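Q: quick one, what's the 3D model for this:
(chains A and B)
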Protein chains: 2
Amino acid sequence: MKVTFQIEGGSPVIMECNAGDNLLELARRGNIAIDAPCSGNGSCGKCRVKLVEGELESPQTRHISDEEYAEGWRLSCSSKVLGDCTVLVPDIASAYQSRMKTADLSSPQEVAIFDACQSQLKQSGIRFENKFRAVVLTLAEPTLNDTMPDNERLTWALEDALGVETVEIPFCVMVRLAHVLREHSFRVCVKGELRGDTFRCMEICAPEDTAIVACAIDIGTTTVTMVLTDLVTGKILAKGSSGNGQIRYGADVINRIIEQGKPGGKKKLQDAILKETLNPIIANLCKSAGISCRSILRLSVGANTTMNHLFVGVDAEPVRMEPYIPSFFHWEGLLAQDLSLPASPLAPVLIAPNIGSYVGGDITAGTLASGIWDKDELSLFIDLGTNGEIVFGNRDFLMSCACSAGPAFEGGDISCGMRATDGAVEACTIDKATMEPTVSIVGDKDQKAVGICGSGIIDIISELYRCGIINAKGLFVREGDRVRRDHHGMGRYVLAFESESETGREVSINEVDIDNFIRAKGAIFSAISTLLQSVDMTVDAIENVYVAGGIGSGINMKNAVNIGMFPDVELSRFHYIGNSSLAGAYAMVMSDEASAKTAEVAANMTYLELSTYPGYMDSFVAACFLPHTDRSLFPHSVQEL
Amino acid sequence: MKVTFQIEGGSPVIMECNAGDNLLELARRGNIAIDAPCSGNGSCGKCRVKLVEGELESPQTRHISDEEYAEGWRLSCSSKVLGDCTVLVPDIASAYQSRMKTADLSSPQEVAIFDACQSQLKQSGIRFENKFRAVVLTLAEPTLNDTMPDNERLTWALEDALGVETVEIPFCVMVRLAHVLREHSFRVCVKGELRGDTFRCMEICAPEDTAIVACAIDIGTTTVTMVLTDLVTGKILAKGSSGNGQIRYGADVINRIIEQGKPGGKKKLQDAILKETLNPIIANLCKSAGISCRSILRLSVGANTTMNHLFVGVDAEPVRMEPYIPSFFHWEGLLAQDLSLPASPLAPVLIAPNIGSYVGGDITAGTLASGIWDKDELSLFIDLGTNGEIVFGNRDFLMSCACSAGPAFEGGDISCGMRATDGAVEACTIDKATMEPTVSIVGDKDQKAVGICGSGIIDIISELYRCGIINAKGLFVREGDRVRRDHHGMGRYVLAFESESETGREVSINEVDIDNFIRAKGAIFSAISTLLQSVDMTVDAIENVYVAGGIGSGINMKNAVNIGMFPDVELSRFHYIGNSSLAGAYAMVMSDEASAKTAEVAANMTYLELSTYPGYMDSFVAACFLPHTDRSLFPHSVQEL
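A: Numbering: from 1, shown residues only, chains lettered A, B, ... in the order given. Below you'll find the predicted structure:
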């Protein structure tokens, strides 16, 4: 029998199958992109398709309303094929990509935060220098009396121009040498890297093409962001981001590792991040900057340990399985050509070093960017990504740990969640009497609500709790116009009714969302307190708190403390530092010293494995309330109520 | 309209075409292998096809007998399509491959000559040592208390085992590390190269797979030969050869360069040598030696300048065009992965350095193997390949030149020519009275004649001339049973009648063959005399003559002098040294010192461009007689008559 997948905005795909085949599995076999962050276990409700013709064995779940079910909407993970049928696959890629579109560095505030990070590093004595060079050479044209072969002619000229003793001409240059020299009448630009007394050629091109650039990439589990930067001036030439194409194989690293362990899985996951995600963005950035991809002479990647492994294409299974041994923490030796990245083939790809299975390069790069490694005072660095990672310490020591916070801070796992981009509710207050919200939305002043980003969720939950609309467990305890319940009785708070929203769909937050978020914030708080406890310290020791991640610059630290997400310290000590993984990756790719310093920071960082740490689970359970079961930890929050 | 190519031993190919299309061009467009050493100018007569159905506009040429023409045989280069037709394409590849099959090192004499070369090099002080190593390691299995990542675990063990300070783990090892370590319970073999204080890993594999091997390759214009050798013991594990797959784009380097200059040509020519020729042989040799191709850690190539360029895939056009500037003479930096060779990806590919457009790495490797660079006496080194190259000198100086001798010495350009393999007439005497031949045939004592190899042709021409059957111009001047003429009146001498031959086809030599050969030997002799003249010396200065090439160990030096091919010096001074390009490539791949010495020899060698050298053409014309217009140069030959 056959299933016809009608793909919104694409060509239909017809798949042969047998009765009883799972529809999501079938779609995956046909490389049909269906969003399935939960990897098909029925919990996320995102893998919707619409049955157009024929039949499916598919129960109605809590994710599908009666009207939707009547319209034909089904969860593909819960559907079995009964016979020939046709299903409509929503263009999840474009919906998803637009949901995840350029968040980082898209606002002047975020650019200012990014720039401040780099200035801070320079003040810490890191020189922003590298060894990449572009040299324009005018060679003597050969004659019958000057018959030196092309490579010697080039070598002599480079030795002369750069004062080096040796010149390496690799295959990728040799193979174009004769042609480029003659096309440009022996006046050419050569790009490469100085290594001591040696110059390694990387590119040969027209004399006017003197651009040498680098690409700094943050590979998040959910979102990928990158900047293209001039290797000479450090100027950012272009920036872009999109969802991580691996999302269809699961929202979290564990599901991705399981998927990559299946036959052909490593290739599939690697293709999803390389071919589907990174390569198109790099190509776009180069196009918008008006340069050739081959002008990219170095790349850097800030990514967690699993993302690093899937990116390189090495088996990530040991990362997940006891005794949790990754292939590498710190590894040098990756070249663009190894992964067929659109760049100069010999461009080194710097990977910010991992320090544990669940504290990766995004955190070491982020720690570099935070500057806490250079301070006398004790600081806390919190990265709110798909996982939450915490680093605590100063120039003398650094401790780190990771907790499974899930993607709630980035708007994942939340029914109306989104990144802090146009249309995101990023801040909110609620009138205690009328229960009416006042929201702040990212975008123009006429922008209507599309969804809610992390900072908005914090505000809403804090306000709902302050107004007594939800209780300490996050359940709705007041009724009203804005509080609605579905046919299962599940409550939700409506921020924007259908008529008020950008999309015509209600923007709201429900009890499942709140529960997800409370568990996420509980994970963060308990991780912080456990980490402090491990070094025999308390909240009082914290001088500064640096908060990074896709939660958005609109984060209200007071509300984050009020809901018991961050420890109750003086608000002036909190600093939002944006995408610190990207900021660190940028510093690494631009500066040889920053790169060396990141390795040093990583080598000196101690990793605390929370899952086996005594008392962590109790601490987590206690933190899964608003603000906490032990209210004495949050004197300001309690005072507020 | 359509032409159906029925390919002997293959699937038919149907090509769309227009009236008037050239059949050979059409076949090339369809990637159909038709042997066309003359590149389609009608001179070689090898591009035969048989018309099965339909019509072709195709004149009868001297290469096609009346009966053959009646049977449907046509030269494809001279055929125009008139309408739908079907032609049979003989399996030229297999015919060609068998004609060219393992010639080098196939006899005990040749192996002895090869071994003597290597011994000679060792006596000259060249140490046969290299830096490639295989190390078997037993690593501690990781535990919850020993969570070092895989790459550090491996690095520590290697530093310990080899006493090195740094270990490089490149992508190709990293990507397999986790899997191989766990598959073999952390007991593995690592292969790589010592570079000062650094060990560069190249392979990681099962602990029992400790083979580390190298591949030495002679890429001739006509024939390719290689040996697989153990990098530790130097033992030859397997050897093989075949025709150079580029032959269909022309027999000589000039035609190949023209072909590679056409759109897509570089790729086509490179595919022909790599994918069609080298890769299958390497795979076969590895199979017969029972090792994985990935155990090949180094390769070396002895090849002329054009073959080097086409092999690497760099534009060879400037080699041919004034001012004759190759991309490289000496170039280090090529890796197996650059050409997707079946070997360890990072295996270096050593290319014996070129010293001019027409004196390439086959000659520098051959000069190394000849040992003349280490002698006080003046020696002549003559390589009889598709071109002829001459080197003259001693430890103080080396002069070299090249002449377009064509492929006659290897059996090319000769109607019954073949390499010195089974069935080749390798020696011959003729009874002056009866004109009956006595032949010596390569192979078992019952072996019948298949064709004539280079050494046989020398003997036959020498004997025909001595017996007065041909004159000094190579034309038949006596008649008899063995002397036949075709309907154009062209004479030929029959060595084996149809009934006497292996194939049922007459084995003979005709006036065109003799003329081709006389021009070839004239080119060699005039090159030698011009080279000597350029350093103000004469034949008397020559202490030793080393003859190399596919002409075969059966070469009769006396006859070669008699026909005026070699200078008339004392016969005991002549030495046949076999395939010196292969012998030199073998030394280079086994021995770092041999490789360095080859570079030194190349750097010290002076190249004499004959084509512009005053008097060379006159000298050549004077040498195109038996033995020479100036008989005083060949006192022994004249005495013989």
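Q: use CA for all of it now, contacts and neighbours both
A: Fine.
Q: quick one, what contacts A:Thr229?
A: A:Val213, A:Ala214, A:Cys215, A:Ala216, A:Lys235, A:Ile236, A:Leu237, A:Ala238 (C-alpha atoms under 8 Å, 6 or more residues apart in numbering or on different chains).
Q: and those residues, which of them are buried?
A: When the contacts of A:Thr229 are checked for burial by 16 or more other C-alpha atoms under 10 Å in any protein chain shown, the buried set is A:Val213, A:Ala214, A:Cys215, A:Ala216, A:Ile236, A:Leu237, A:Ala238.
Q: between those residues, which is nearest A:Ile254?
A: Of all the buried ones among the contacts of A:Thr229, A:Ile254 sits closest to A:Ala216, with 25.5 Å by C-alpha to C-alpha.
Q: so who does that closest one touch?
A: A:Met226, A:Val227, A:Leu228, A:Thr229, A:Leu299, A:Ser300, A:Val301, A:Leu582, A:Ala585, A:Tyr586, A:Val589.
Q: so it sits in a strand?
A: Yes: following the definition DSSP: H, G, I helix; E, B strand; the rest coil, A:Ala216 is counted among the residues of a strand.
Q: what's across from it in the sheet?
A: On the basis of DSSP bridges, A:Ala216 is bridged to A:Val227, A:Ser300.
Q: what residues of the host helix or strand of A:Gly522 count as buried?
A: Element membership for A:Gly522, per DSSP states H and E: helix A:511-534. Applying a neighbour-count criterion of 16+ other C-alpha under 10 Å, the buried positions in helix A:511-534 are A:511-532.
Q: contacting residues around the helix or strand just after it?
A: Scanning forward in sequence from helix A:511-534 by DSSP H and E, the next helix or strand is strand A:544-549. Residues outside strand A:544-549 that contact it (C-alpha under 8 Å, 6+ apart) are A:366, A:370, A:377-385, A:410, A:573-580.
Q: hmm, 7 Å instead?
A: A:370, A:378-385, A:573-580 (C-alpha atoms under 7 Å, 6 or more residues apart in numbering or on different chains).
Q: what pairs with it, parallel or antiparallel?
A: Paired with strand A:544-549 in the same sheet, following DSSP bridges, are strand A:379-384 (parallel), strand A:574-578 (parallel).
Q: the inter-axis angle of the longest one versus helix A:511-534?
A: Right, strand A:379-384. Orientation of strand A:379-384 against helix A:511-534 (axes from the mean of the first three to the mean of the last three C-alpha atoms, to 10 degrees) gives an angle of 150 degrees.
Q: re the thing from before, which of the contacts of A:Ala216 ranks first by neighbour count?
A: Across the contacts of A:Ala216, the neighbour count under other C-alpha atoms under 10 Å in any protein chain shown reaches its highest value at A:Ala585, namely 35 neighbours.
Q: correct me, but A:Ala449 touches A:Ala424?
A: Yes: with contact taken as C-alpha atoms under 7 Å, A:Ala449 and A:Ala424 are classed as touching, separated by 6.0 Å.
Q: just give the nearest non-adjacent residue to A:Thr502, would you?
A: Just so we're on the same page, residue A:502 is Glu rather than Thr. What sits nearest to A:Glu502 in space, not counting adjacent residues and going by C-alpha to C-alpha, 6 or more residues apart in numbering or on different chains, is A:Lys448, at 4.9 Å.
Q: hang on, that neighbour packs against A:Ser501?
A: Yes: in this structure A:Lys448 lies within contact range of A:Ser501 using C-alpha under 7 Å: 5.5 Å.
Q: re earlier: okay, the helix holding A:Gly522 in PDB with CA atoms only?
A: C-alpha atoms of helix A:511-534 as PDB (Å, rounded to 0.1, in the frame of the first residue of the first chain):
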ATOM      1  CA  GLU A 511      -1.000  24.300  33.400                       C
ATOM      2  CA  VAL A 512       1.200  21.900  31.400                       C
ATOM      3  CA  ASP A 513       3.400  24.800  30.200                       C
ATOM      4  CA  ILE A 514       3.600  26.100  33.800                       C
ATOM      5  CA  ASP A 515       4.400  22.700  35.100                       C
ATOM      6  CA  ASN A 516       7.200  22.300  32.500                       C
ATOM      7  CA  PHE A 517       8.500  25.700  33.400                       C
ATOM      8  CA  ILE A 518       8.500  25.100  37.100                       C
ATOM      9  CA  ARG A 519      10.400  21.900  36.600                       C
ATOM     10  CA  ALA A 520      12.900  23.700  34.500                       C
ATOM     11  CA  LYS A 521      13.400  26.500  37.000                       C
ATOM     12  CA  GLY A 522      13.600  24.000  39.800                       C
ATOM     13  CA  ALA A 523      16.400  22.200  38.000                       C
ATOM     14  CA  ILE A 524      18.300  25.400  37.600                       C
ATOM     15  CA  PHE A 525      17.900  26.500  41.200                       C
ATOM     16  CA  SER A 526      18.700  23.100  42.700                       C
ATOM     17  CA  ALA A 527      21.800  22.900  40.500                       C
ATOM     18  CA  ILE A 528      23.000  26.300  41.700                       C
ATOM     19  CA  SER A 529      22.400  25.400  45.400                       C
ATOM     20  CA  THR A 530      24.000  21.900  45.000                       C
ATOM     21  CA  LEU A 531      27.100  23.400  43.300                       C
ATOM     22  CA  LEU A 532      27.500  26.000  46.000                       C
ATOM     23  CA  GLN A 533      27.000  23.300  48.600                       C
ATOM     24  CA  SER A 534      29.700  21.200  47.000                       C
END
